[in-house]
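# Here is my input; please provide its structure:
(chains A, B, C and D)
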Number of protein chains: 2
Amino acid sequence: MSKISKKIVERLIIYRRCLIRSSVNSNNTHIFSHQLAKKSGASSAQVRRDIMGLGYSGSPAYGYEIKSLVDSIGKFIDPVKREKIAIIGLGNLGKAIVDYFNKQSLEMEIVAAFDTNPEKVNRVLMGCKSYHIKEMKSIIKEYDIQTAILCIPSINAQEVTDELIESGIKGILNYAPINLNVPLNIYVENLDMIAIFEKVSYFARKNNK
Amino acid sequence: MSKISKKIVERLIIYRRCLIRSSVNSNNTHIFSHQLAKKSGASSAQVRRDIMGLGYSGSPAYGYEIKSLVDSIGKFIDPVKREKIAIIGLGNLGKAIVDYFNKQSLEMEIVAAFDTNPEKVNRVLMGCKSYHIKEMKSIIKEYDIQTAILCIPSINAQEVTDELIESGIKGILNYAPINLNVPLNIYVENLDMIAIFEKVSYFARKNNK
DNA sequence: ATAACGTTGTGATAAAATTCACGAGAATAT
DNA sequence: ATATTCTCGTGAATTTTATCACAACGTTAT
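Numbers count the residues shown, from 1 in each chain, chains lettered A, B, ... in the order given. Below is the predicted model of the structure:
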């Protein structure tokens, strides 16, 4: 299979969101690259290139058939079975993320949460049970969880990451503002909300000069 | 001034975080590019190039002086005065973001929150007062707020964005999973947590084949 | 002194991402 | 029928981003 870069994967995921929304909101069955471009914020050439990478083909007359394109993207992106996710850290942000994810998402679910605070364990929030972090390794193995959301203070992040990897986790979405050291076969995505906001602030000032 | 791209700005922000942490945790006054690279996840050549773009110079003998480099980055990135931020939407995620931002950040503060739910207005959370959204325009103008965090359902996002722009907002951090249509002089950064997680999930599976 | 070392700053190069631009082909209008 | 008007798919060109690699230079060891 030809190489699909990180950037392309990011956009395919966005395209799918747009396509699904579009098919719900209108009764169009087809969409042109320039329309999808507008909805997704990409350029039309980019849309065509990205979709080309999937091996999917549209028709010059009608554009892309929404339903089958969604399926093609899904076949490429989605796991074979429902994604079970662990979250570590049940502070305000952690709880909000559990709520946010489990409220809307269909193909994935946060099934286990871990924290050190005794008051936060052995509860259930939006279908997600919470455990003490000392049970983390066994629960992750038991449920065969592949991905985790890390939502704890930076100071503990590397230590917990090492344990996650020992538990068999392959991908981490890291909200802690610190670079994690992991082996090459583990995928880490850093989501530093403060850093992202600082960027917004910078370009907000920069743009209107 | 030479052009500093979005990617470079992103990394400079991360470098600064690493530098500050590093100067707190150790009593080193200097750092080499390869050390900062390790801490930040960039390559050492990239670190040197990015810092070169600032016009800052290190010494081949001692590397970069941490304090003055932090200042240089700040002079480049930071607003002249403290950044006042508005947030729209006080759901679980919105509240968690207010808490998260205002707890740790020094150079910026979410000072006003807006919601349509009458139960959520006229309260104070972490120094941030909440108002009904119909007061948004006047409050944003009154406080001279330049940037906003958008944390509301997709369905309302474009409409509220238009109002934000009318109010004088120049930058938006958008948590709603939808592409916003804005004029060229407005900067929007989309932060679609579900999309980002889907990417993690994809590469977690992909990497360990 | 001076040789050996390790780093910075930066031209040059390579790689990756994006855009251009056009042939091919289907639908529609005349 | 034929011309016109769209689009898609994609090779080629361009732009952006990242890496390489090395001269210059201060430090340290001898």
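
# pLDDT on the lengthiest helix in chain A, on average?
When chain A is parsed with DSSP state H, its longest helix is helix A:6-25. For helix A:6-25, mean pLDDT rounds to 96.

# same deal with stretch A:50-65?
If you average the pLDDT over stretch A:50-65, you get 96.

# can you tell me if that stretch touches chain B.
No. Counting by Cβ under 8 Å from any Cβ of the partner chain, chain B has no neighbours in stretch A:50-65; the shortest distance is 13.1 Å. Just so you know, the C-beta spots here come from the backbone N, C-alpha and C atoms, and that holds for glycine as well.

# thinking again about what came up before, alpha carbons of the longest helix of chain A, in CSV - could you do that?
Provided in CSV are the C-alpha atoms of helix A:6-25 (Å, rounded to 0.1, in the frame of the first residue of the first chain):
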residue,chain,number,x,y,z
LYS,A,6,0.2,11.7,9.3
LYS,A,7,-1.1,14.8,7.7
ILE,A,8,-3.3,12.8,5.3
VAL,A,9,-4.7,10.6,8.1
GLU,A,10,-5.6,13.8,10.0
ARG,A,11,-7.5,15.1,7.0
LEU,A,12,-9.2,11.9,6.1
ILE,A,13,-10.6,11.8,9.7
ILE,A,14,-11.9,15.3,9.2
TYR,A,15,-13.3,14.5,5.8
ARG,A,16,-15.3,11.7,7.2
ARG,A,17,-16.8,13.9,9.9
CYS,A,18,-17.8,16.4,7.3
LEU,A,19,-19.3,13.7,5.0
ILE,A,20,-21.3,12.2,7.8
ARG,A,21,-22.6,15.5,8.9
SER,A,22,-23.4,16.4,5.3
SER,A,23,-25.3,13.3,4.6
VAL,A,24,-27.4,13.8,7.8
ASN,A,25,-28.1,17.5,7.1
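
# what's near enough to touch residue A:176?
A:150, A:151, A:152, A:153, A:154, A:157 (Cβ atoms under 8 Å, 6 or more residues apart in numbering or on different chains).

# ok, those vs residue A:104, which is closest?
Comparing these against residue A:104 with Cβ to Cβ picks out residue A:151 as the nearest, at 18.1 Å.

# Please enumerate residues in contact with the longest strand seen in chain A?
Across chain A, the longest stretch assigned as strand under DSSP state E is strand A:108-115. By Cβ under 8 Å, 6+ apart, the residues outside strand A:108-115 that reach it are A:82-90, A:94, A:97-98, A:101-102, A:121, A:125-133, A:135-136, A:139-140, A:143, A:145, A:149, B:197-198, B:201.

# what about burial for the contacts of residue A:176, which qualify?
Buried members of the contacts of residue A:176, scored by 16 or more other Cβ atoms under 10 Å in any protein chain shown, are A:150, A:151, A:152, A:154, A:157.

# Could you look up the SS state of the residue nearest to the spatial centre of chain A?
Residue closest to the average C-alpha location in chain A (Cα atoms, centre = their mean): residue A:173, at 7.7 Å. State at residue A:173, reduced to three classes by DSSP: H, G, I helix; E, B strand; the rest coil: strand.

# Pull up the gap between residue A:49 and residue B:70, please.
41 Å (Cβ to Cβ, to the nearest Å).

# and the helix or strand where residue A:75 lies, what other elements does it pack with?
Element membership for residue A:75, per DSSP states H and E: helix A:66-77. Applying 3 or more Cβ pairs under 8 Å, 6 or more residues apart in numbering or on different chains; DSSP states H and E, one finds that helix A:66-77 contacts helix A:6-25, strand A:30-31, helix A:44-54.

# can you put these in TSV and add distance to DNA strand D and mean neighbour count?
Below are those laid out as TSV (distance: least, Cβ to the nearest atom of the strand, whole Å; neighbours: other Cβ atoms under 10 Å in any protein chain shown):
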stretch	distance to DNA strand D	mean neighbour count
helix A:6-25	10	18
strand A:30-31	7	20
helix A:44-54	4	18
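
# can those go into a markdown table with extra columns for distance to residue A:166?
Converted to a markdown table, those look like this (distance: least, Cβ to Cβ, whole Å):
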| stretch | distance to residue A:166 |
| --- | --- |
| helix A:6-25 | 26 |
| strand A:30-31 | 45 |
| helix A:44-54 | 35 |
